[in-house]
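Engineer: make a model of this:
(chains A and B)
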2 protein chains.
Amino acid sequence: MRRDVLVNGSGVDQVAVADRGLHYGDGLFETLAVLDGQPRLWQRHVTRLREGCARLGIAMPDPSILYDEARALCREHARAVLKIIVTRGAGGRGYRPPIRAQHSAPTRIVAVYPWPDYPAAYAEEGIALRVCRTRLGCNPALAGMKHLNRLEQVLARAEWDDPAIAEGLMLDQRERVIAGTMSNLFLVREGRLLTPRLDECGVAGIMRGLILESAVQQGIAVEIGDLSLECLRLADEIFVSNSVAGLWPVRRLAQMTYAVGPLTSALRTGLMAVQRQEMADSADSSNG
Amino acid sequence: MRRDVLVNGSGVDQVAVADRGLHYGDGLFETLAVLDGQPRLWQRHVTRLREGCARLGIAMPDPSILYDEARALCREHARAVLKIIVTRGAGGRGYRPPIRAQHSAPTRIVAVYPWPDYPAAYAEEGIALRVCRTRLGCNPALAGMKHLNRLEQVLARAEWDDPAIAEGLMLDQRERVIAGTMSNLFLVREGRLLTPRLDECGVAGIMRGLILESAVQQGIAVEIGDLSLECLRLADEIFVSNSVAGLWPVRRLAQMTYAVGPLTSALRTGLMAVQRQEMADSADSSNG
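Structural biologist: Presented below is the predicted three-dimensional model:
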């Protein structure tokens, strides 16, 4: 009985070789930060997972079962990373999903991993970012979802092994800047917050959503649109975000250097407030 | 001990939950026809698998081991389908492939499936083809490979369940016709054979390669380029191909009907000759 992974509720570290997640990447995942035994931003992750399941036509597992499994794995972890994978389940050969009436149940995998040892300087002083050669393909049918087809990110992340570079920027086939390999991208220009639209490629991160909400609450003008490398060159501030890292300012990109600017700092403070509130709410609800 | 699947040589039907094939679709596959206990066109499939492994930076498994495993599973099957999956192997969390020196071995999966019960009329009289709404994204870094990121095909194949329709046609984001969900596409126009180029999306099928060679040997003019739905409307003959189906003429597409034409028939005859020769060669080499 393993204590770090549950496959359909069992503490085993194997899945059926017939699983469509393996054959086709036919599924979705979520990556959550765990703090004091609690998976953070749970409702937001479950909502995105449910939306992804609806788009792919996969039956969404019962969130309360997922939550119980997540809590069972996280309970004793002060800091950890939780990953949830939901696939369409086992199937025969062929792309066609099993017919609804006969369909095998989705596979749910809940696993806990050690907290990554990111240097504290990433969050405080900022990171160095590179531009990847590997591009993102555009497909509105898949855009925004955190699905299991991630070869583009794998190839992009394999492009460098310099530990001084924390993240790589990915462009699409039309030279638009979309995201980091594992993060969303923001820039600040003349007091406005800009982030790429994700309706053709990229993953709509939970932390990205939180930052956009926080910006609106703080009265910061927000724009979601097409960004180029030239926009980054002209930016006053740049940062990236994901559910584990939170928000990392970008200190360097190619020949350009950037300071940790006032909007970046304000948004980080705002994020921390939102997360403190969310923790208080979740403590209330588990007490109630 | 299972007789229909081998995972790294063991007759088990489970893979490690940490496998990167499951987490990211980080791997490749091949689907082969099995006839009289022999996987067909073995060398061609192994060559494509090796090229795919090189492109993804995955260590190619020893082909002689793969062959022994394939033969062990196929030996008693008069007709069957063989599937080979090679993934980057187990890994931790994160897109970054394990560093070469420490990298875990690739996972190899060899599995045998029943021969599909396609009606004989598909090959003899032709099939009905539909046009899918789901598009293919363009990415030269992934184009041509039979990798495990197949959500586009899954979504396209989920669009219909009318058993009278054997295959669905997929276009790219720029309205170019690329392929069927599980097949390559050819058309004949004024004595010339045309097939879509696959340098931005699609899978370069083994049967497609064989058909192109066969056409050249027969002195048929061949053109690989951009095709539109309008090209299909104007075509004299249309057919699709894959390693299991071989060659299926297209009888109907939207409002259009097509006859099984002379080039389609000549190419099918040519294919059968090539495959007979290949069977004779492989019988020679196994005797020698």
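Engineer: residues of the host helix or strand of A:Val274 that come out buried?
Structural biologist: In this structure, A:Val274 sits in helix A:262-287 according to DSSP states H and E. Buried residues in helix A:262-287, defined by neighbour count with 16 or more other C-beta atoms under 10 Å in any protein chain shown: A:Leu263, A:Thr264, A:Leu267, A:Arg268, A:Gly270, A:Leu271, A:Val274, A:Gln275, A:Glu278, A:Ser282. Quick note: C-beta positions are derived from backbone N, CA and C, even for glycine.
Engineer: do the same with stretch A:115-124
Structural biologist: Within stretch A:115-124, the residues that qualify as buried are A:Tyr122, A:Ala123, counting by 16+ other C-beta under 10 Å.
Engineer: again, but for stretch A:90-109
Structural biologist: Residues of stretch A:90-109 classed as buried: A:Ala90, A:Gly91, A:Arg93, A:Gly94, A:Tyr95, A:Arg96, A:Pro97, A:Pro106, A:Thr107, A:Arg108, A:Ile109 (neighbour count, 16+ other C-beta under 10 Å).
Engineer: helices of chain A, residue ranges please.
Structural biologist: For chain A, helices defined by DSSP state H occupy the ranges A:20-24, A:42-56, A:63-74, A:120-124, A:151-157, A:206-217, A:229-233, A:262-287.
Engineer: wait, which of the ones you listed is closest to B:Asn184?
Structural biologist: B:Asn184 lies closest to helix A:20-24 among the helices of chain A, at 18.5 Å (C-beta to C-beta).
Engineer: now find how far off-centre that closest one is within its chain.
Structural biologist: From the chain centre to the centre of helix A:20-24 is a distance of 21 Å (C-alpha atoms, centre = their mean, to the nearest Å).
Engineer: ditto for stretch A:178-191
Structural biologist: 14 Å.
Engineer: quick check: end-to-end length of it?
Structural biologist: 21 Å (C-alpha to C-alpha, to the nearest Å).
Engineer: could you identify the most distant pair in the buried residues of helix A:262-287?
Structural biologist: With distance counted by C-beta to C-beta, no two of the buried residues of helix A:262-287 lie farther apart than A:Leu263 and A:Ser282, which are 28.1 Å apart.
Engineer: touching, A:Glu69 and A:Gly9? I think so.
Structural biologist: Yes: counting by C-beta atoms under 8 Å, a contact exists between A:Glu69 and A:Gly9, whose distance comes to 6.4 Å.
Engineer: for A:Ile84, what are its contacts?
Structural biologist: The contact partners of A:Ile84, taken as C-beta atoms under 8 Å, 6 or more residues apart in numbering or on different chains, are A:Phe29, A:Glu30, A:Leu32, A:His45, A:Leu49, A:Leu66, A:Ala70, A:Arg108, A:Ile109, A:Val110.
Engineer: pick out the residue closest to the middle of chain A.
Structural biologist: Within chain A, one residue has its C-alpha closest to the average C-alpha position: by C-alpha atoms, centre = their mean, that is A:Gly205, at 4.6 Å.
Engineer: doesn't A:Gly209 make contact with A:Asn242?
Structural biologist: No: if you go by C-beta under 8 Å, A:Asn242 and A:Gly209 don't touch, sitting 11.6 Å apart.
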